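In: This is a predicted model, with the sequence first.
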Amino acid sequence: MLIPVDEADEIEVKIKVSEEEFNRLKAMMRNHIPADADITLSLNSILSQMSDVYYDNKKGDLAGELRCLCIREELFELLPKKYTLAYKDTSFVTNGIRHNLEYQTDITNKTELHKILLSLGLHILIVVSKERESFSWDVCTGTGIIKIEFDKVAQLGHFIEIEAPNSTIIDGVVKDLNIVGQREAKPYHKILLEKIEKEN
């Protein structure tokens, strides 16, 4: 059974940053948030290696900018590998902030699920590999959990992803942390596909 994430509602922004800005922000997170930032820390950090295998159908409409289906392989420090099937459908994008419906479920047999997807007429479109360090904390207002993720994506570079209960909180976090970068509305697999197409 697919499990909805945050009542099947995910609000997030992705920001492309330089390596220097990436390291600055990560150091800030590890040393906690500046005193003048409107955030109360209940901070947790998780480091993982991820490999996302994206699938598409013959029509090419399952892995576009608005929706995607993937099998994620995730390796945490000192823990066994975790496999997840995830489906994401974007409702709308405003100022680079994506509002998604997201469903995911843990997988016990990745190989058999892959065979099922192939049997249904799907094929592997692309694989996106990244190293991710995730932080989460409560905001002062008690409106929910904020997640900020530091992604080093193979062939694409450095990104910051921020997920929060609403877009106002996201904009506030970007301002409080003084993040310098370019908002990127497209998902990683779409960015990578376009990059490969240009290079070829």
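Out: Done, it's in.

In: what residue is smack in the middle of this structure?
Out: Glu161 (6.2 Å; C-alpha atoms, centre = their mean).

In: Kindly confirm my reading that that residue forms part of a helix.
Out: No. Residue assignment for Glu161, taken from DSSP: H, G, I helix; E, B strand; the rest coil, gives strand, which places it outside any helix.

In: secondary structure element for the closest residue in space to it that isn't next to it in sequence?
Out: If you skip the residues right next to it in sequence, Glu161 has Glu149 as its closest partner in space, 4.3 Å away by C-beta to C-beta, 6 or more residues apart in numbering. Bear in mind the C-beta positions are built from the backbone N, C-alpha and C, glycine included. With the criterion set as DSSP states H and E, the secondary-structure element containing Glu149 is strand 145-153.

In: which residues touch the residue nearest to Glu161?
Out: Residues near Glu149 by C-beta atoms under 8 Å, 6 or more residues apart in numbering: Arg132, Glu133, Ser134, Phe135, Ile160, Glu161, Ile162, Glu163.

In: Kindly indicate which of those residues lies nearest Asn31.
Out: Checking those against Asn31 by C-beta to C-beta gives Phe135 as the nearest, at 11.8 Å.

In: who wins for neighbours among the contacts of Glu149?
Out: Compared across the contacts of Glu149, Glu163 has the highest neighbour count, 24 neighbours, by other C-beta atoms under 10 Å.

In: what pLDDT does the residue nearest to Glu161 get?
Out: Per-residue confidence (pLDDT) for Glu149: 94.

In: before we move on, back to that, wait, the residue nearest to the centre of the chain sits on Val13?
Out: Yes. Glu161 is within contact range of Val13, at 7.2 Å (criterion: C-beta atoms under 8 Å).
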